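> Here is my input; please provide its structure:
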Amino acid sequence: MKRLVFVNLLLGIPGIIYYWVMALMVIRTPLTSWGQMAKDWYEANSLLPMQSVLGPPLAICTMIWVLSNFNVISHRTDPGEHGTLGSNAVSWSLAVAASLIPAAIVLLIATFF
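Numbers count the residues shown, from 1 in each chain. Predicted coordinates for the structure are as follows:
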């Protein structure tokens, strides 16, 4: 479990950028305007520029996160935890929580400044 937490803490560091940009996007545009179509796709307030800039790197980082966690979870050395459905759910939820810790720390520090 220590290896799983350590790997996800390291993988969560690049995620800080995505959480920050998504927080800026939420602050800048109201949630009610997200479902509406923009008149011009290249308009400054449409979501297309944000999706085209953040989409491919976010997809690549998500694939790296899933593959590395699959590798760590499937190669555990604890014989009692390997292969059960409950332990896999706990491991994946621990992986998600550990990868959110760096972003939460940065956002907490940012609230004070």
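> which intervals of this structure have sub-threshold pLDDT?
Across the chain, the ranges flagged by pLDDT under 70 are 25-26, 28-51, 77-86.
> Show me the helices in it, by range?
Secondary structure of the chain by DSSP state H: the helices cover 2-28, 48-74, 85-112.
> can you list those in a markdown table and add mean neighbour count?
Glycine gets a C-beta too; all of them are placed from N, C-alpha and C. Below are these laid out as a markdown table (neighbours: other Cβ atoms under 10 Å):
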| stretch | mean neighbour count |
| --- | --- |
| helix 2-28 | 14 |
| helix 48-74 | 13 |
| helix 85-112 | 14 |
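> what residues are up against Leu54?
Leu54 makes contacts with 18, 21, as judged by Cβ atoms under 8 Å, 6 or more residues apart in numbering.
> Actually, Gly12.
Contacts of Gly12 by Cβ under 8 Å, 6+ apart are 98-103.
> Apply 6 Å and report the result again.
By Cβ atoms under 6 Å, 6 or more residues apart in numbering, the contact set of Gly12 is 99, 102.
> what's the distance between it and Leu100?
Computed as Cβ to Cβ, to the nearest Å, the Gly12 to Leu100 distance reads 6 Å.
> cool, and Ser87?
21 Å.
> How about Ile60?
19 Å.
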